[in-house]
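Undergrad: no sequence for this one, just the structure:
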């Protein structure tokens, strides 16, 4: 196991470090100006300046002042080239600065023989640079105010990226080396409480039967299970199929056919709460196919009186359909196997995902019920529960199949909806989260960072723009460049949004090694996602927020066809269920 | 040639070399990625076992089904022809048919048996027997002292001798009796009851009734009941059914708690106290004798349950759980689950349902 982990870590780090290296080579190599001026002439001029300074000497200048100024100028002169700046900075170290008469002694030292050739200048840089502290200070760089602002903005962005990098690195390391925390999944014998299962369905004729069949076959006491398909204004055969199952299994399904009202899953669930029995509500989307033991697994955490919501793991059933689904399969794997479980392990904030999960009705009521004016009711619910002191639990072993988008257009629409909804939740809850006293410090930090994940692609886009501005404005301050190099390299290695490192770790944890070969193609997925999220963020702030446009719910397409389903059972048929374990 | 021209060329060469190397290293992983895309070798969905229901007897049931599918005809033939010594090959496994009593088995004392054993009557494994494959009997199985088995299934009672070991699973249709210092590295399940002697190590037990041999249950002196009302904290829900107490708490003897309680600190429950809701403790839990918890119990730290306490709901402990003399979990009508990282059960403890020690479980010696 340790060997496999090490392989995963090494392979991922090596590959993505290379990516980082290439990305950052621009910064290391310098600016367009440097490309033109990194010539022998520059070295020669430098050498001549050094010679002149050596002859003149500067005995009156205090050494410390000289050293600090030289340091500052060294970074300023990096406009001429990163390599040159590095050589300038080399001899001005603290040790020399402490010498009281550095400048004088340097001036009195034997002058090195300065070569004429550029190669010699490059290869003898230390000798030449030994003279540099004696140089007269070059003029201060005169950057306009806006450029200074851009520099600082760039540093802030790099700082943000670094914070998210550390967060994801910690999560991945936790999953690779720490003990998995799943305290409730072992509860198999109990007096199981009354639960209501909602199946959110809007034009789901292709998949609703499969979900109903699976729920009718689950291992849960029948007298404590109510199945409620929430048919939200469907225009296809969804109603007909549901009604057929209601007749076929009398007393086991209580349908809710919603014919009017606000569109959207949250609005439908809000209305459906009138059909809930008991204190626990489980929610599945219509394309999900729960296994026999899944309901008990999802209900078990509610024996903890502090738990307000439970989330299971979603596994793409159409993973092998095409390149997109295979990439999404990797991404989902990282998101659940690493990200969610690590948060569960560390006692942070696992996210309720709106499906393959459940909510305690009393907690829901305390948090204000479902809000139908938000596109991500799941994220919104996670935070409202958290702010009221309720916990959300993630169970990695409570797995359920779902369909993922098979077309890029569908995927883009899906992630735009997620992005908008998540950012809505961020705007609603960020301030309250920071000021609440119910949440402890580290949970608060994680929750705050989780709120910001859909802003990070925007931040990344800003970083790209700032980098270009700095690049073409010839601003490559060495410390900031080094910082950027470091941050971008680490970021590209370990990254945000369940990126490479997390994916590699999760695939290894899932025991499916060969699919990891597709990892480089995930760059494509991330570029598409980042672009879509940036677009959605702009749309949210400009169109939906400033121009007060109404939010539109966009349903994800299904790929199963009705003909691929088994025939519907005859009325009165009964499914044999496994007797309850002793 | 001008020296500057040479320098230019060298410089340009370096630049080109750098970019060529960088591009090569950047593009290299795309080749296996391309191959995997065009010729998939690993594109099946991750397996989700739909039929998994968490049944503790799943391994035994699966084995019996497998046996039924692959060996039922051969077993029937052997029975009808009086063949008690044949060997059945099923895939890479072979099973030896055993009569009752069986002379072949008596000769294997202390030997490692590399075949599975299928007895047609009651099976008695001599002391020191080691068997690398499953052992099964439709009537009864008695495992001698110091035996080591991979797995064992009994259609009737099952007895595991002192210091015997079962590596994967053991199942009895009736009562499973485990003698002192046996080691159950896998799971032990029974259709009626499991009786454990002191010093037994286990991980997972499941039966309608699990008991640790020991003295009879004592009578606890009743304590006058006093309703407890929280003096600190806040209600987590609108009706005050769930209460969060923000610090360590000490419930006095005889206290009666009538709500779900979340304690952000250690909790001590006094003699004879009762909690009628669910209880969550962020810290350590200790109780005096005769405490009654009618709901579930979740403890993030260690838990020590005083003698003769009664717990009705599921118990989840993320640390070490020690159950004192005669503690009872669940009732015959309300089976429950006891799960913790480490579990120590004192004499006389009984559990109706399942016990799952994630690292180690142990029955205490006197």
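TA: That came through, no problem. The model shown is predicted, which means the values in this text are computed figures rather than measured ones.

Undergrad: Please work out which residues outside stretch B:63-78 touch it.
TA: Residues lying outside stretch B:63-78 but in contact with it, judged by CB atoms under 8 Å, 6 or more residues apart in numbering or on different chains, are B:83-84, B:86, B:88, B:90-91, B:95, B:97, B:118, B:120, B:134, B:136, B:151, B:153. Where C-beta positions appear, they are placed from N, C-alpha and C, glycine not excepted.

Undergrad: Out of those residues, list just those in strands.
TA: Taking DSSP state E, the ones among these that sit in strands are B:88, B:90, B:95, B:97, B:118, B:134, B:136, B:151, B:153.

Undergrad: From these, list just the buried residues.
TA: Buried subset of the ones in strands among the contacts of stretch B:63-78 (neighbour count, 16 or more other CB atoms under 10 Å in any protein chain shown): B:88, B:95, B:97, B:118, B:134, B:136, B:151, B:153.

Undergrad: Ignoring the adjacent residues along the chain, who's closest to the last one?
TA: When the adjacent residues along the chain are set aside, residue B:153 lies closest to residue B:136, with 4.3 Å between them (CB to CB, 6 or more residues apart in numbering or on different chains).

Undergrad: So for the ones in strands among the contacts of stretch B:63-78, which is the shakiest by pLDDT?
TA: Among those, residue B:90 has the lowest pLDDT, at 70.

Undergrad: What is the burial count for the closest residue in space to that one that isn't next to it in sequence?
TA: Beyond its immediate neighbours in the sequence, the residue positioned closest to residue B:90 (CB to CB, 6+ apart) is residue B:70, lying 4.6 Å away. The burial metric for residue B:70, expressed as a neighbour count using other CB atoms under 10 Å in any protein chain shown, is 16.

Undergrad: Residue B:70: helix or strand, and which one exactly?
TA: Assignment of secondary structure by DSSP states H and E places residue B:70 within helix B:58-81.

Undergrad: Do me a favour and average the pLDDT over that helix.
TA: For helix B:58-81, mean pLDDT rounds to 78.

Undergrad: Could you tell me which ranges of the chain sit under the pLDDT cut-off?
TA: No chain specified, so I'll use chain A. For chain A, applying pLDDT under 70 flags the ranges A:1-142, A:475-498, A:551-557, A:560-582.

Undergrad: Hmm, no, I was thinking of chain B.
TA: In chain B (pLDDT under 70), the answer is B:1-4, B:78-85, B:99-103, B:110, B:216-218, B:366.

Undergrad: contacting residues for residue B:96?
TA: With contacts taken as CB under 8 Å, 6+ apart, residue B:96 has the following neighbours: B:85, B:86, B:87, B:88, B:104, B:113, B:115, B:116, B:117, B:118.

Undergrad: how far away is it from residue B:170?
TA: 19 Å (CB to CB, to the nearest Å).

Undergrad: on that earlier part again, pick the one among the ones in strands among the contacts of stretch B:63-78 closest to chain A.
TA: Proximity of those to chain A (CB to the nearest CB) peaks at residue B:153, which lies at 15.5 Å.

Undergrad: Show me what that closest one bridges to in the sheet.
TA: Using DSSP bridges, the bridge partners assigned to residue B:153 are residue B:136, residue B:171.

Undergrad: Test my guess that it contacts residue B:134.
TA: Yes - the pair residue B:153 / residue B:134 is scored as a contact, 6.8 Å apart, by CB atoms under 8 Å.

Undergrad: residues from the stretch 151-300 of chain A in reach of chain B?
TA: By CB under 8 Å from any CB of the partner chain, the part of the stretch 151-300 of chain A that sits against chain B consists of A:181, A:183-184, A:186-191, A:214, A:219, A:289, A:291-293, A:296-297, A:300.

Undergrad: Next SSE downstream of the top helix by length along chain A?
TA: Ranked by residue count under DSSP state H, the longest helix found in chain A is helix A:145-177. Along the chain past helix A:145-177, the next helix or strand (assigned with DSSP H and E) turns out to be strand A:195-201.

Undergrad: List the neighbouring strands of that following strand plus their orientation.
TA: Applying DSSP bridges, one finds strand A:195-201 paired with strand A:225-232 (parallel), strand A:280-285 (parallel).

Undergrad: Show me what counts as buried in it.
TA: Burial within strand A:195-201, assessed by neighbour count using 16+ other CB under 10 Å, is assigned to A:195, A:196, A:197, A:198, A:199, A:200, A:201.

Undergrad: What is the burial count for the nearest residue to the last one once chain neighbours are set aside?
TA: Of all residues beyond its chain neighbours, the one nearest residue A:201 is residue A:286 (4.1 Å), with distances taken as CB to CB, 6+ apart. For residue A:286, the number of neighbouring residues by other CB under 10 Å comes to 27.

Undergrad: Thought residue A:200 was touching residue A:286, still the case?
TA: Yes - with contact defined as CB under 8 Å, residue A:286 reaches residue A:200; the gap is 6.5 Å.

Undergrad: check contacts around residue 234.
TA: No chain in the question, so chain A it is. Residue A:234 makes contact with A:201, A:202, A:203, A:204, A:205, according to CB under 8 Å, 6+ apart.

Undergrad: should've been chain B
TA: A:389, B:243, B:244.
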